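K.L.:
missing the sequence, but the structure's below:
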């Protein structure tokens, strides 16, 4: 594999007594779409701001393309950012906003004008080039901000929750715009978000952060199917977590029942494991499957063709089951209904710690 | 419905009365400045521009007008520069004693003018700097800087805290960011501040009277003419001063609250 574009080498960031980032080691590959995700206060934004030079690490080193960024002022780095507030210059029109970075690089007037217009055209807002940015819609302003950050043709683009202020339908549109741009340009995108759907929809790799530490790095699918810890499993949601002790037969005895994990757990161990909501099977009569348990239907949530059913298992644990609605024909779905749930041992993933 | 209409009429009447109360003396002065009678009495005499001719024929008045112009424009520029720096310091930095800094910076207008004037006179004469045009400029700068700071601070409070970092992020050094982002953003308030402080300085009497010595400004000259005798040429001068001040204040009003656009970048 090629040399990573960005290396976080034992980076620590303290604000007074608060440790926002704790000894972080992270490599960002050239040309990848990386999402930094986590609850607020997890250190994801601080990480991004350190990369842009807006915060200085308390300890450790950050390298961009092999060169240390310590002591390099923000304006000397080539790490443009798309801001949550967009931070467009309100006294400039759309084209002048896009030209700003080029102007700072001393590009002459005609070429920066041409480049700015090209970028606005590319993002589909060429006709608004001479418009006051205050008169543009949220989506159009977003595109101006993107064009402004990309106009200098950087190797890396930083995105600080830029979609969080948009309407839901615009978020989907902008996600498509971002993914397409990233593929076409082949540059590295580092996207900070608290939205799982945003991260999972766009990123090649997702970094889940918790309290200043990296909880897990990997493709979205791995994070969803094989979460590294209980925190990740809970944060990702749509996961069912079971905990219990392994008995002599190798089965895990939980409040919901005893389950076999096909020898993935040693007798005597206390283990937690997750089963994703979409691999739990549902039936009205006891099925001839392994790992069957009963649970009481509490409520359901309908999104498009998918239904999420919420159950209460013996012992009070909440169980989520996600299925295509057409597969539920013939299964009674009144709240309070007792149904048989089952999952295959191969779909159970044991959590470490 | 009926009470609403009544209320509207009462409000309109009240507003009219307030304006009458404020502007009647000025209008009276304007009317009497064109009145041929020496004493401001009704019925009026005939229409004349004689008082204007007399006032503007007086070299002392011209001298004072020119000095007032110099004093107000220089002290407006200085006060705005100081006010901008103070407002920006408040916006950008957090430091120990910031509250005290702000209170001290905004204090001068709360001090009675006569006290400020006496203090200025005492202080400036320690450096042999009293009784000159420059003394009035110094005193007026002190008096006006808090107004400038207040106006510019209001504008800065509307600035996205990410705006400067966004400029750095795009390759602008802190100094370039100042000239290409902060100043363009606050430009309307800077112009408003220049007009407002110029108007304050142009009208100010007490401090100017104490520190001016022989280098008199227009308000000082007006008082000196008045202490001698009743002379309607002060009505003429007053009307001219009023027009200058109201123009500056109107410009300041128009510019202050509006987020203006810079036409073209250099």
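P.N.:
That came through fine. Only a predicted model underlies this, so the values are computations on that prediction, with no experimental measurement involved.

K.L.:
so which strand or helix has residue B:61?
P.N.:
helix B:59-92 (DSSP states H and E).

K.L.:
quick one: that helix near chain A?
P.N.:
No. Against chain A, helix B:59-92 shows no contacts by Cβ under 8 Å from any Cβ of the partner chain, the least distance being 13.9 Å. All C-beta atoms are positioned from the backbone trio N, CA, C, and that covers glycine.

K.L.:
what sits against the most centrally placed residue in chain A?
P.N.:
The centroid of chain A falls nearest to residue A:199 when counting by Cα atoms, centre = their mean (2.9 Å). With contact set as Cβ atoms under 8 Å, 6 or more residues apart in numbering or on different chains, residue A:199 has these partners: A:35, A:37, A:191, A:193, A:206, A:220.

K.L.:
can you lay out the residues you listed as CSV showing distance to chain B?
P.N.:
Formatted as CSV, the contacts of residue A:199 follow (distance: Cβ to the nearest Cβ, whole Å):
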residue, distance to chain B
A:35, 20
A:37, 21
A:191, 16
A:193, 17
A:206, 24
A:220, 28
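
K.L.:
what does stretch A:234-243 rub up against?
P.N.:
Against stretch A:234-243 from outside (Cβ under 8 Å, 6+ apart): A:38-39, A:196, A:208, A:210, A:215, A:223-224, A:227, A:230, A:233, A:252, A:254, A:256, A:259, A:270-278, A:280, A:308, A:317-320, A:322, A:348, A:351.

K.L.:
now the end-to-end length of that stretch.
P.N.:
This stretch, stretch A:234-243, spans 13 Å end to end (Cα to Cα, to the nearest Å).

K.L.:
quick one: mean pLDDT for that stretch?
P.N.:
The average pLDDT for stretch A:234-243 rounds to 84.

K.L.:
which element is the residue nearest to the centre of chain A on?
P.N.:
Going by DSSP H and E, residue A:199 is in helix A:196-202.

K.L.:
narrow the contacts of stretch A:234-243 to those that are buried.
P.N.:
A:38, A:196, A:208, A:210, A:215, A:223-224, A:227, A:230, A:233, A:252, A:254, A:256, A:259, A:271-278, A:280, A:308, A:317, A:319-320, A:322, A:348, A:351 (16 or more other Cβ atoms under 10 Å in any protein chain shown).

K.L.:
and the helix or strand that the helix holding residue B:61 is followed by, what's buried?
P.N.:
Of the helices and strands lying after helix B:59-92 in sequence (DSSP H and E), the nearest is helix B:98-106. If you call a residue buried by 16+ other Cβ under 10 Å, then helix B:98-106 has these buried ones: B:102, B:105-106.

K.L.:
hmm, who's touching helix B:98-106?
P.N.:
B:86, B:89-90, B:95, B:145-146, B:149-150.

K.L.:
next, format these as JSON lines and append distance to residue B:191, neighbour count and pLDDT.
P.N.:
Putting these into JSON lines (distance: Cβ to Cβ, whole Å; neighbours: other Cβ atoms under 10 Å in any protein chain shown; pLDDT from 0 to 100) gives the following:
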{"residue": "B:86", "distance to residue B:191": "18", "neighbour count": "22", "pLDDT": "94"}
{"residue": "B:89", "distance to residue B:191": "21", "neighbour count": "15", "pLDDT": "93"}
{"residue": "B:90", "distance to residue B:191": "20", "neighbour count": "19", "pLDDT": "92"}
{"residue": "B:95", "distance to residue B:191": "29", "neighbour count": "8", "pLDDT": "88"}
{"residue": "B:145", "distance to residue B:191": "16", "neighbour count": "26", "pLDDT": "94"}
{"residue": "B:146", "distance to residue B:191": "18", "neighbour count": "21", "pLDDT": "94"}
{"residue": "B:149", "distance to residue B:191": "15", "neighbour count": "26", "pLDDT": "94"}
{"residue": "B:150", "distance to residue B:191": "15", "neighbour count": "18", "pLDDT": "92"}
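
K.L.:
now the end-to-end length of stretch A:333-344.
P.N.:
Start-to-end span of stretch A:333-344 (Cα to Cα) is 23 Å.

K.L.:
tell me where the chain is predicted with low confidence.
P.N.:
Assuming you mean chain A. Scanning chain A for pLDDT under 70 picks out the ranges A:1-2, A:353.

K.L.:
my bad, the chain I had in mind was chain B
P.N.:
For chain B (pLDDT under 70), the answer is B:1-2, B:256-266.

K.L.:
centre of the chain to stretch B:241-259, how far?
P.N.:
9 Å (Cα atoms, centre = their mean, to the nearest Å).

K.L.:
that one: which residues count as buried?
P.N.:
B:241, B:244-245, B:248-249, B:251-252, B:255-256.

K.L.:
what of stretch B:69-78?
P.N.:
Quick answer for stretch B:69-78 (16+ other Cβ under 10 Å): B:71-78.

K.L.:
please apply the same query to stretch B:162-180.
P.N.:
Neighbour-count burial for stretch B:162-180 [16+ other Cβ under 10 Å]: B:162-172, B:177, B:180.

K.L.:
the residue lying closest to residue A:283 once chain neighbours are set aside pairs with what?
P.N.:
Nearest residue to residue A:283, sequence neighbours excluded (Cβ to Cβ, 6 or more residues apart in numbering or on different chains): residue A:340, at 5.0 Å. Going by DSSP bridges, residue A:340 is paired in beta bridges with residue A:283, residue A:294.

K.L.:
quick one: residue A:340 and chain B, what's the gap?
P.N.:
54 Å (Cβ to the nearest Cβ, to the nearest Å).

K.L.:
contacting residues for that residue?
P.N.:
Residue A:340 neighbours (Cβ under 8 Å, 6+ apart): A:282-287, A:292-294.

K.L.:
again with residue B:76
P.N.:
Applying Cβ under 8 Å, 6+ apart, the residues near residue B:76 are B:144, B:193-195, B:197-198, B:201.

K.L.:
got it, and residue A:100?
P.N.:
By Cβ under 8 Å, 6+ apart, the neighbours of residue A:100 are A:89, A:92, A:148, B:167, B:170, B:172, B:180.

K.L.:
could you do residue A:137 as well?
P.N.:
Residue A:137 neighbours (Cβ under 8 Å, 6+ apart): none.

K.L.:
show me which residues of the stretch 101-250 of chain B are close to chain A?
P.N.:
So the stretch 101-250 of chain B meets chain A at B:160, B:162-163, B:165-174, B:176, B:180-181, B:184-185, B:187 (Cβ under 8 Å from any Cβ).

K.L.:
among these, which are in strands?
P.N.:
The members of those all map outside strands under DSSP state E.

K.L.:
out of those residues, which are inside helices?
P.N.:
B:163, B:165-169, B:174, B:176, B:184-185, B:187 (DSSP state H).

K.L.:
appreciated, that's everything.
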